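>>> Please work out how this folds:
(chains A, B and C)
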Amino acid sequence: MGRKEASMDLSQYQVGKSSKTVRVFIWIFMVVWACINLYPLYWMLTFSLKDNLQIWTTNKFGLPDPWVWGNYKEALDSGPIFKYFFNSILVALFTIALTLIAALMATYAISRIQWRFSKTVERIFMLGITIPIQASVVPVFVVLNKLEMLDSYQALVIPYAAFALAMAILICSGFMTEIPISLDEAAYIDGCGRAGVFFKVILPLMKPAMATASIYTFLQCWNELMFAQTFNTADKYMTLPVGIMQLTGTHTTNWGAVGAALSIATIPMVIIYVLLSRRIQDSFIAGAIKG
Amino acid sequence: MKKILATLLVLVTAISLCACGSRDGDKDKITLTMWCIATKSDSNRASYEAAIKDMEKKYPDIKLDWSATENEAYKTKIKTAVSGNSMPDIFFTWSCAFLGDFVKADKVYCLDNAYKKFANDLDEKMCKNTTYDGKKYGVPLTMNIVGLFANMDILKEVGYNDVPGTYDELIACCDKLVAAGKIPFGCAGKETWCVTEYLESIIEKSCGAKTLDDIFVNGATWDNADVTKAVNIFQEMITKKYFDPNGVALSNDEIKGNFIAGQYAFYMNGTWNCADFAKAGINVKVAEFPVIDSSKSKLGQLIGGPSDTLAVAKSSKNAEKAAEYTFELGKLICKYGYLDGCGLPAWKVDYDESKVNALTQSVAKIVAASDYMVLFGDTAMPSDEAQKYLEFVAKVYTSEVNGKQFTDGLKAAIR
Amino acid sequence: MRVMTNRKNDWISIILFLLPALILFIGILVAPLIASGYFSFFEWKGFGDKTYIGLQNYKDLFDGTEVPFLLSAKNALLLALFSLIIQLPLSLGLALLLGKGVKGERFFLSVNFLPVLISSVVIGTLWKKIYYPTGGLLNSVLRALGILKKGQADILWLAESAINPQTGKRYSYILGAVFVPMIWQYVGYHMLLMYAGVKSVPPELREAAKIDGATDGQINRHIVLPSMKQIIKVCVIFSVTGSFKAYDLIAILATYKTRQAAVPSILLLDQTINWGKYGRGSAVAVLLIIMCFLAAIIISEVFKDREKV
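The predicted structure follows:
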């Protein structure tokens, strides 16, 4: 597999004792790559301070001229954007919680208990990551409608969790199979039942998996638009992406205001991510030591 | 960990209880629900808000619970709701085929009875696009046509003080513009509907409105020599560099921005742009596309007409009340929309219109003088035909098919 | 110990542990899947009357006159291939570098992840500017480098079909143009997953190997990578199925009406919503799910064999 070879070559260069030029070269590469990845953030901020003419025609890349601070006012006036923000956070948190509970339990049953169909069941769960969200809008709508759950937080939490489930199971089983089975067996000898092993042995070691799965579940539901605008119409339960779409008109859209709203939505996420990534890394390391 | 699980469970339960407990309302009032596409920054938003405010006074016993969804997503949403049998009482729809599908599926409430009360304010002609088997199903709001917008500052540079009125003059003007290093037209190839704004006008002014209308909605064949010729004329304009060569890779926002920034002399698009151009403070005039074949077409034959529509769901518990309410609401939305310059009134005007922006007023004059309006092809045709048609239109703009291949291809694909 | 792990009442605990996941899975994922399979045999608008037409929808997809399904499947496979040979190695390289500890590890980790956090609307609009014909970033760079000469026309990156005015030749770069941002945006995504894998290698193991005189390259090859097999498998599955389901950036950059850059998800939505062909859209969904599922199984098999060897 070319994929592996290529990466190994790359990894050989990062040897601590390797020559200085190679290290400098890698450092430069990292910095350039970081700049490429920082650019969209910078661009989003400038975009949010321009008017349509600047965005589309006269000033595509430069700093805003003039600075259109009104975009932020328009974005904030367009609706209770903080309420949408709160809704999004709430939906995301519940989705993460539900996904993690279901995924960890299922992974435990699949990868720690030996039974005949465990592999088959795992494969069937894997089907979940293959289902495109676009294909499910109408059927899921019908299901939610029957359960009288449209226009509520559950209308999003449940489908989001269902769609994130397969991915979370994959991630969790990736980590769980790395935990030595002897730990379980030692616990059984100590008189633990299934639940005891699950809570006392497995869960504490699954912190990195939980952190990773949370991030990916979060990403999946934070920017999700299609379900959100079909299942939740009421202002009360509207999530941020739907709120932002309220800023696009049929024939005329003030893109600067859209940019402003997107900045309002993104910046806190970036800050939270930066702050959290510290803790996430700590949990990775903690998990590694214990494992 | 157990504690966390327990807390989460409690929270989930609490939230579901909150969600269930919040569904109550006034008992004396009827609540009607409405879905539309007037999102918070849509140009029609203000007219909806103003109209709904008036309606609260007029119908104190009715509470309107309305929400807006972005255009493209709205199509998914309303079709999903029709499919899942959970339509709102009142819903926004496009006329002709879009509403027609719902009518055929027996999901729409017939408005014939309610119309009687409003017959004096709303011309029968304006309901043409929402009448199926002789029955009315829709309340028209504002309407729009395709206009030829001209940047007068640029035209002045090549010696024109008015929009060229005949086809020959227009061609001469374009030649002069090209010679002077200016781009006459901008057209967004990434959005095929923008190409149809040009192509349909050129076809109409070549073969006549009646012929085009018959092809679009009355089952006439696409195999028409005049259509072939018109497509060739359009492509000749492209080869003569009348169009921005970048256009095939641009979207309408970009093209419109370029026009406002003074990069094009002309821009053909819907008259909903009037308010934006007026706001941008550019020196723009609007006209209709000149006649190409005067033996078949004439001035006053336009592309456009009432398309934005409100309709009432058959499943509504208060369908009769909702029907009357919808007419009244539509009339007001139309009024405020016109006053804001979002479009032209489909309803009769019985108020002062002098404050409407000059551009919209000149469109109103064009419409008043018109005698035949052919609705935008992609709205008029059934949805699958419309998609096939759009694909061929896109290929015309990138010169992948010529006039003959266009008409032959559509004859084979549609009829 | 076998006795302990195969106790009879295990079926109860197995079912209990699986229950939450099963409810979600069957209610929200399997039911719609069955519905799609059923509807794919009908001519149906999504409401109103249905007509049973057998396999006609599938035939329509494969004969390709109305729906470029085969092209879209090919595009999806191409995207998956490029993700495998460009995106994942890049992610792995970054993860290994960062996991080992580079100056500014945390900074790089956060920054490289940014494109995933930023909405596709922003990313899409930004790339529209990059590909803008006259004065766009890419063409300007090409001009500055002398690749585009003075008299040469701008390259229309996002055109479905364009003609080079100098040579008269037709070209279409739209597929490549939409692939680049799609592959780039998710490098950070896979990087973070792999980083978690790198970090879960116990540092003592590393230390021990170092004391034995192993170079970092050897450590990576013999200790880090083998222990990351599961995570890499997860990344490969995400990357491939993600490519098959790719949607939002294509919808923004190439639009629904794209012909050259069509992918299954775009066709699915275009068919059900714009064409009013719910049955045919369901057929696309069914085929897409089969594609993803087959890919996931093949990938699992590949990794299983490697585990045994």
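
>>> how about low-confidence regions in chain B?
Applying pLDDT under 70 to chain B flags residues B:1-27.

>>> Grab the longest strand from it for me.
Ranked by residue count, the top strand of chain B under DSSP state E comes out as strand B:142-151.

>>> ok, is it in contact with chain A or not?
No: applying C-beta under 8 Å from any C-beta of the partner chain, one finds strand B:142-151 out of contact with chain A, separated by at least 8.8 Å. To be clear about C-beta, it is placed using only N, CA and C from the backbone, and glycine gets the same treatment.

>>> what's that strand packed up against?
When contacts are defined as 3 or more C-beta pairs under 8 Å, 6 or more residues apart in numbering or on different chains; DSSP states H and E, strand B:142-151 sits against helix B:192-207, strand B:264-270, strand B:284-287, strand B:301-306, helix B:319-340, strand B:344-345, helix B:358-368.

>>> what residues does the stretch 1-150 of chain B put near chain C?
Residues of the stretch 1-150 of chain B lying near chain C (C-beta under 8 Å from any C-beta): B:Lys75, B:Thr76, B:Lys79, B:Thr80, B:Val82, B:Ser83, B:Asp101, B:Phe102, B:Lys104, B:Ala105, B:Asp106, B:Lys107.

>>> Now intersect these with the helices, please.
Members of the residues of the stretch 1-150 of chain B next to chain C lying in helices (criterion: DSSP state H): B:Lys75, B:Thr76, B:Lys79, B:Thr80, B:Val82, B:Ser83, B:Asp101, B:Phe102, B:Lys104.

>>> Between the residues you listed, which sits nearest A:Lys236?
Closest approach to A:Lys236 among these (C-beta to C-beta): B:Thr80, at 20.2 Å.

>>> A:Pro139 is in contact with that closest one, correct?
No: assessed by C-beta atoms under 8 Å, B:Thr80 is found out of contact with A:Pro139, at 9.7 Å.

>>> returning to what we had before: by how many degrees do the longest strand of chain B and strand B:264-270 diverge?
Computed by axes from the mean of the first three to the mean of the last three C-alpha atoms, to 10 degrees, the angle separating strand B:142-151 from strand B:264-270 equals 170 degrees.

>>> which other helices and strands contact the helix or strand that strand B:142-151 is followed by?
Sequence order places helix B:152-157 as the next helix or strand after strand B:142-151, per DSSP states H and E. Contacts defined by 3+ C-beta pairs under 8 Å, 6+ apart place helix B:152-157 against strand B:264-270.

>>> Pull the residues that contact the strand it packs on.
The contact list for strand B:264-270, computed with C-beta atoms under 8 Å, 6 or more residues apart in numbering or on different chains, reads A:251, B:144-151, B:154-155, B:173-174, B:177, B:182-187, B:194, B:197-198, B:201, B:244, B:252, B:255-256, B:258-259, B:273, B:289, B:304.

>>> hang on, the earlier thing: a markdown table for the ones in helices among the residues of the stretch 1-150 of chain B next to chain C, including neighbour count?
Converted to a markdown table, these look like this (neighbours: other C-beta atoms under 10 Å in any protein chain shown):
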| residue | neighbour count |
| --- | --- |
| B:Lys75 | 21 |
| B:Thr76 | 22 |
| B:Lys79 | 23 |
| B:Thr80 | 23 |
| B:Val82 | 22 |
| B:Ser83 | 24 |
| B:Asp101 | 21 |
| B:Phe102 | 24 |
| B:Lys104 | 16 |
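
>>> Nearest to C:Asn274 among those residues?
For these, the residue nearest C:Asn274 by C-beta to C-beta is B:Lys75; the value is 7.5 Å.

>>> Verify the contact between the closest one and C:Ile273 for me.
Yes: the pair B:Lys75 / C:Ile273 is scored as a contact, 5.2 Å apart, by C-beta under 8 Å.

>>> Go ahead and flag the most central residue of chain A.
When C-alpha atoms, centre = their mean is applied to chain A, the residue found nearest the centroid is A:Leu219 (1.9 Å).

>>> quick one, what contacts it?
A:Leu219 sits next to C:Val116, C:Leu117, C:Tyr189 when contact means C-beta under 8 Å, 6+ apart.

>>> Just the ones of those residues in helices?
Reading helices off these with DSSP H, I get C:Val116, C:Leu117, C:Tyr189.

>>> Identify the residue with the minimum pLDDT among those.
Lowest pLDDT of the ones in helices among the contacts of A:Leu219: C:Leu117, 85.

>>> Quick check: closest non-adjacent residue to that residue.
A:Met269 (5.3 Å; C-beta to C-beta, 6 or more residues apart in numbering or on different chains).

>>> Does chain C have contacts with stretch B:177-186?
No: judged by C-beta under 8 Å from any C-beta, stretch B:177-186 makes no contact with chain C; its nearest approach is 10.9 Å.

>>> Helix, strand, or coil at B:Ala51?
Following DSSP: H, G, I helix; E, B strand; the rest coil, the label given to B:Ala51 is helix.

>>> Touching, it and B:Tyr336? I think so.
Yes: contact criterion C-beta under 8 Å: B:Ala51 and B:Tyr336 qualify, at 5.5 Å.

>>> continuing past the helix or strand where B:Asp214 lies, what's the next helix or strand?
Here B:Asp214, judged by DSSP H and E, is contained in helix B:209-217. Counting by DSSP H and E, the next helix or strand C-terminal to helix B:209-217 is helix B:225-239.

>>> Quick check: buried residues in that following helix?
Neighbour counts using 16 or more other C-beta atoms under 10 Å in any protein chain shown place B:Asp226, B:Val227, B:Thr228, B:Lys229, B:Ala230, B:Val231, B:Asn232, B:Ile233, B:Phe234, B:Gln235, B:Met237, B:Ile238 of helix B:225-239 among the buried residues.

>>> Wasn't B:Arg415 part of a strand?
No: read with three-state DSSP, B:Arg415 is coil and lies in no strand.

>>> from memory C:Val263 sits against C:Asp248, does it?
No: the pair C:Val263 / C:Asp248 is not scored as a contact, 10.9 Å apart, by C-beta under 8 Å.

>>> The two - which one has more neighbours?
Set side by side, C:Val263 and C:Asp248 show more neighbours around C:Val263, with 28 against 19, by other C-beta atoms under 10 Å in any protein chain shown.

>>> I'd like the ones in helices among the contacts of A:Leu219 as JSON lines, with distance to B:Leu32 and neighbour count appended.
Conversion of those to JSON lines gives the following (distance: C-beta to C-beta, whole Å; neighbours: other C-beta atoms under 10 Å in any protein chain shown):
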{"residue": "C:Val116", "distance to B:Leu32": "42", "neighbour count": "21"}
{"residue": "C:Leu117", "distance to B:Leu32": "41", "neighbour count": "22"}
{"residue": "C:Tyr189", "distance to B:Leu32": "45", "neighbour count": "23"}
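
>>> just curious, which of the residues you listed is nearest to C:Gln230?
Nearest to C:Gln230 among the ones in helices among the contacts of A:Leu219 is C:Tyr189, at 17.1 Å by C-beta to C-beta.

>>> can you pull the contacts of that closest one?
Neighbouring residues of C:Tyr189 by C-beta under 8 Å, 6+ apart: A:Tyr216, A:Leu219, C:Ser91, C:Phe113, C:Val116, C:Phe238.

>>> same thing but at 7 Å, please
Shown in contact with C:Tyr189 (C-beta atoms under 7 Å, 6 or more residues apart in numbering or on different chains): C:Val116.

>>> just to revisit the earlier point, so the residue nearest to the centre of chain A, which of the three states?
Recorded secondary structure, A:Leu219: helix (three-state DSSP).

>>> Look up how far C:Ile26 lies from it.
25 Å (C-beta to C-beta, to the nearest Å).

>>> per-residue confidence for C:Leu19?
At C:Leu19, the model reports a pLDDT of 94.

>>> Kindly apply the preceding question to C:Phe179 instead.
C:Phe179 is given a pLDDT of 96.
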